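Asker: predicted model and sequence follow; I will ask about them next.
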Amino acid sequence: MARILVIDDHYAMRQTIREILEVEGHEVIEAPEGDSGIQMQQRTPADLVITDIFMPHKEGMTTIRELRAANPALPIIAMSGGTRDLHAPEGFIDLARRFGATGTLTKPFQIAELLLAVGQALGAEQKFPALEAEESRPALTTEKESPAPS
């Protein structure tokens, strides 16, 4: 399967994505922010990069632009739960596409959405074993959820 680099400043999100993609047979490497992700991609190139948009130091838009300049054919998935507004997460997701992202995910997302985005980015017509049991699972999030009001 593919080698996938996940760049996100939230450890829990990186780990969750790693676990899901490893079950599918992918090799996953991680970076906590854009600079280290770019360095990792230069040293040990991945087949696909999944990057958060909002991170400290080098944020996702600059990371996408630099990755794209170094390798125009590299599939890149941008993900964000926003907001630094620009009209909610959708605005930054659209902007990420203009900077060179080939796919996008809006947090929180379902496992099925992640697997579909990865499959599309890799140009794969593949089946994902985890999808069969996925329909009833909650969305992926690193946020603590408060109980619903009664």
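Answerer: It's in. Numbering: from 1, shown residues only.
Asker: just the buried positions in stretch 35-47, please.
Answerer: For stretch 35-47, the buried set under the neighbour-count rule, 16 or more other C-beta atoms under 10 Å, comprises Asp35, Gly37, Ile38, Met40, Gln41, Ala46. In this view, the C-beta of every residue, glycine as well, is placed from N, C-alpha and C.
Asker: show me where this structure has its strands.
Answerer: Taking DSSP state E to define them, one finds strands in the chain at 3-7, 27-31, 48-52, 76-80, 103-106.
Asker: where does the prediction get shaky in the protein?
Answerer: 82-91, 124-150 (pLDDT under 70).
Asker: show me what the most centrally placed residue in it is bridged to.
Answerer: With distances taken as C-alpha atoms, centre = their mean, Ile50 lies nearest the centre of the chain, 3.4 Å away. Counting by DSSP bridges, Ile50 forms beta bridges with Val6, Ile77.
Asker: sorry, back to before: so which of the buried residues of stretch 35-47 are in helices?
Answerer: Asp35, Gly37, Ile38, Met40, Gln41 (DSSP state H).
Asker: list the residues that contact the fourth one.
Answerer: Read that as Met40. Applying C-beta atoms under 8 Å, 6 or more residues apart in numbering to Met40 gives the contacts Leu5, Ile29, Ala31, Ala46.
Asker: returning to that earlier point: could you check how far the residue nearest to the centre of the chain is from Gln15?
Answerer: To Gln15, Ile50 is 13 Å away according to C-beta to C-beta, to the nearest Å.
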